[in-house]
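Sharing a sequence plus its predicted fold:
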Amino acid sequence: MKNLIRASIVVLTFAVLFATSSFAADTGADLYKTKCASCHGATGAGDTPMGTKLKLKDLSSPEVQKLSDEELATVMEKGKKPMPAYEGKLTKEQIQELVKYIRTLKK
């Protein structure tokens with residue numbers, strides 16, 4: 001019986017660790033989908049009706065990709081017309097995950 005309990009604890013521990021690491025790996029993409037894609041589009045091209053109306057820059061463009069991580073984070077935190085500020089709505093860690101995800105959009 002003790003061995004069964006120990007084995008169950010070990011399995012549960014690995015399950016929790018695996019679930020946590022999987023969630024962390026998807027955080028940037030998930031945040032992008034929920035907070036950014038409605039305007040910037042799935043690929044970051046800004047090709048949504050709202051993105052087209054607001055004339056949003058393509059997040060994969062050299063112009064955006066040349067910005068430093070700090071500059072991208074500042075735009076997200078403070079906003080840049082017409083984009084709203086996300087300071088207080090997203091944690092610094094979430095903003096960093098979004099910066100990492102935007103880097104994956106590079107052409």
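Arrived safely.

quick one, helices of the protein?
2-31, 37-40, 49-54, 62-65, 69-78, 92-103 (DSSP state H).

Look up how far residue 63 lies from the nearest residue to residue 94 once chain neighbours are set aside.
With sequence-adjacent residues excluded and distances taken as Cβ to Cβ, 6 or more residues apart in numbering, residue 94 is closest to residue 31, at 5.7 Å. Using the backbone N, CA and C atoms, a C-beta is placed for each residue, glycine as well. Separation of residue 31 from residue 63 (Cβ to Cβ, to the nearest Å): 22 Å.

out of the two, which sits in the more crowded spot?
residue 31 (18 against 10; other Cβ atoms under 10 Å).

Let me see the contact set for residue 28.
Applying Cβ atoms under 8 Å, 6 or more residues apart in numbering to residue 28 gives the contacts 97, 98, 99, 100, 101, 104.

nearest to residue 91, of these?
residue 97 (9.2 Å; Cβ to Cβ).
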